[in-house]
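[1] Return atomic coordinates for the entry below.
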Amino acid sequence: MQYTIGIVFSFCLMIVLLFTSVEAAVYWTPGYFEKEYAKYNVTEAVSMTMDDLLDVTDQMMAYLKGNRADLHVETTMGGVHREFFSAREIAHMKDVQGLFLGAMSIRRGCLMVMALCLIILMLLKTSWGSTFPKSVLTGSGLFFVGSAVIAGIISTDFTRYFILFHHLFFTNDFWMLDPAADMLINIVPEGFFRDTVFYIGFLYFSSVAILLILCVILMRKWRKNHK
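    Down below sits the predicted model:
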């Protein structure tokens, strides 16, 4: 029972680390959007200064977190003062906001389950140097391998799986934008998404690797002390 609870804990932890890696990539990395915009010459594509583009981005990211009531953002493009997002883009971003906030709710739920697991394990007087790290190592390892396989498959044809993702998670075609009319697709081109997915993967797999190493160290230390 203790071992099973530990595996449940580790699965929830993997989900928490995954969603936190997404948030860390797009919210906690200083200068990330500016670097990507410069890489893909986005300011030229939308005829905006970098400062104005970053301001629009800040408003968009605040909206995704639920910190802004709407996405009616005015800016200057090509010397003309106008609203940046079209009605179609706003409708799509509302769907994206739903996904993001849903992911954050799942993360909170997983944290609650993890806390409950720890309480139960404490009541069962689980060995924190043997049983617990072993179960976490097993559960995390299984989740890690599954994630690595999925990442490997996606890397073989990013465009194909990028489109598949949209078909799976959106019930409309608002995500099919026109580069000539919709600015959103110009500021976050496919290359931007590819870089971001790989960066999220790097953060996630690095955090999992550190966790697995810590589990191994704890187990070895426990065995050494109980010889």
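[2] contacts, neighbours, all on C-alpha from now
    Fine.
[3] ranges for the strands of the protein?
    Here the chain has its strands, by DSSP state E, at 74-77, 80-83.
[4] looking at those, which is buried most?
    strand 74-77 (a mean of 16; mean count of other C-alpha atoms under 10 Å).
[5] neighbouring strands for it, and are they parallel or not?
    Here strand 74-77 is paired, per DSSP bridges, with strand 80-83 (antiparallel).
[6] Quick one: distance of the partner strand to the chain centre.
    Distance, stretch centre to chain centre, for strand 80-83: 32 Å (C-alpha atoms, centre = their mean, to the nearest Å).
[7] what do you get for stretch 193-200?
    Centre to centre, stretch against its chain (C-alpha atoms, centre = their mean), the figure for stretch 193-200 is 9 Å.
[8] neighbouring contacts of it?
    Applying C-alpha atoms under 8 Å, 6 or more residues apart in numbering, the external contacts of stretch 193-200 come out as 21-22, 25-26, 158.
[9] what about stretch 132-142, average pLDDT?
    Stretch 132-142 comes out with an average pLDDT of 87.
[10] tell me which residues of it are tucked away?
    Buried residues in stretch 132-142, counted by 16 or more other C-alpha atoms under 10 Å: 132-141.
[11] can you put those in CSV and add distance to Lys125?
    Shown next, in CSV, are these (distance: C-alpha to C-alpha, whole Å):
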residue, distance to Lys125
Phe132, 11
Pro133, 14
Lys134, 15
Ser135, 15
Val136, 16
Leu137, 19
Thr138, 20
Gly139, 20
Ser140, 22
Gly141, 24
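[12] what about the chain, any weak spots by pLDDT?
    Within the chain, the stretches with pLDDT under 70 are 227.
[13] re earlier: quick one: which of the buried residues of stretch 132-142 is nearest Phe85?
    Nearest to Phe85, judged by C-alpha to C-alpha, of the buried residues of stretch 132-142 is Ser140 at 40.9 Å.
[14] hang on, that closest one packs against Ile15?
    No - the criterion here is C-alpha atoms under 8 Å, and Ser140 misses it with Ile15 at 10.0 Å.
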